[in-house]
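K.L.:
sequence isn't available, so here's the structure alone:
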Ligand SMILES: NC(=O)C1=CN([C@@H]2O[C@H](COP(=O)(O)OP(=O)(O)OC[C@H]3O[C@@H](n4cnc5c(N)ncnc54)[C@H](OP(=O)(O)O)[C@@H]3O)[C@@H](O)[C@H]2O)C=CC1
Ligand SMILES: O=C(O)C(=O)[C@@H](O)[C@H](O)C(=O)CO
């Protein structure tokens, strides 16, 4: 069983640097994946209302027998629930589906700026944090102007920003902004949706006797990112956290830095609503 190191968030919470993602996973499969992951040593699970598998995640948590306090559960408010009252209602529904009485992290899933509601949504998250029902609060897919607007309207900084981030989209400017403002960077699609077999990555993997996915996840860890690789394959679930007993050297890190192509696999946060 692997022990996953944690990162201290500005909320004071310690978040595992690798967690399990469950986008596009049905309830029953999610439950099995969560059990496998917890048995392998994961304590962090990333879901969202829009994934429609919060019930499965909750079921997996209960089936695993893990103590609630040892787990770190993240969920997110979807775009069509943005707004103060609607976010509070969406949160209650998420908690009900998960079968939990708090989450460790609640995120605004997308800024959806054209809806003009993310500042109101943030106020709702502040209330949930004050009540202890969301132990940390944060955002996802926010760009620097979205974050600056949030800073102007609130003294509570997001604990993290969950963004698309992988070797093909390295987000240097946004990561530097996070670092300067004590916001952790969390990488979604950290494996570029499974496109791990680039020749440069394969060569580094061969050098270390590791898999390409492990090289990419180790790269995230060494950059200081939190990563949430998704897998429903038990061997891969285990593989993806076995990255704490080797190190990439400067040449490896430089070779991966060169793979940045600014290419998104997902929507553009400036326009997605
Ligand atoms: N905030 C946001 O807007 C978003 C958040 N997310 C979150 O991030 C998580 C991860 O992102 P996601 O888009 O799922 O993509 P990932 O980059 O995690 O890639 C997942 C794909 O990689 C495959 N895979 C997993 N491990 C390995 C491995 N060791 N070797 C080879 N292939 C592997 C999986 O296959 P298999 O399962 O068959 O093993 C799956 O096809 C999501 O599940 C979700 O929790 C994702 C998108 C947007
Ligand atoms: O998976 C998520 O968390 C997302 O928000 C995205 O997948 C998003 O829903 C999308 O890609 C829509 O095409």
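P.N.:
Yes, it's here. The model shown is predicted, which means the values in this text are computed figures rather than measured ones. Residues are numbered from 1 along each chain as shown. Ligands and ions are numbered 1, 2, ... in the order given.

K.L.:
figure out how far the helix or strand where residue 175 lies is from the centre of its chain.
P.N.:
According to DSSP states H and E, residue 175 maps onto helix 172-180. Relative to its chain's centre, helix 172-180 lies at 16 Å (Cα atoms, centre = their mean, to the nearest Å).

K.L.:
what do you get for stretch 76-95?
P.N.:
Distance, centroid of stretch 76-95 to centroid of chain: 18 Å (Cα atoms, centre = their mean).

K.L.:
what does stretch 241-256 give?
P.N.:
Centre-to-centre, stretch 241-256 and its host chain are 21 Å apart (Cα atoms, centre = their mean).

K.L.:
flag every buried residue along that stretch.
P.N.:
241-244, 248, 252, 255-256 (16 or more other Cβ atoms under 10 Å). Quick note: C-beta positions are derived from backbone N, CA and C, even for glycine.

K.L.:
got the residues you listed as CSV, with secondary structure and distance to residue 39 columns?
P.N.:
Shown next, in CSV, are the buried residues of stretch 241-256 (DSSP: H, G, I helix; E, B strand; the rest coil; distance: Cβ to Cβ, whole Å):
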residue, secondary structure, distance to residue 39
241, coil, 11
242, coil, 14
243, coil, 18
244, coil, 17
248, coil, 28
252, helix, 30
255, helix, 34
256, helix, 30
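
K.L.:
quick check: residues of the stretch 51-200 of the chain near ligand 2?
P.N.:
residue 109 (Cβ under 6 Å from any ligand atom).

K.L.:
please work out which residue of the stretch 51-200 of the chain is closest to ligand 2.
P.N.:
As assessed by Cβ to the nearest ligand atom, ligand 2 sits closest to residue 109 within the stretch 51-200 of the chain, at 5.7 Å.

K.L.:
quick one, grab the pLDDT at the closest residue to that residue other than its chain neighbours.
P.N.:
For residue 109, ignoring the flanking residues on the chain, the nearest one in space by Cβ to Cβ, 6 or more residues apart in numbering is residue 76 at 4.1 Å. Per-residue pLDDT puts residue 76 at 99.
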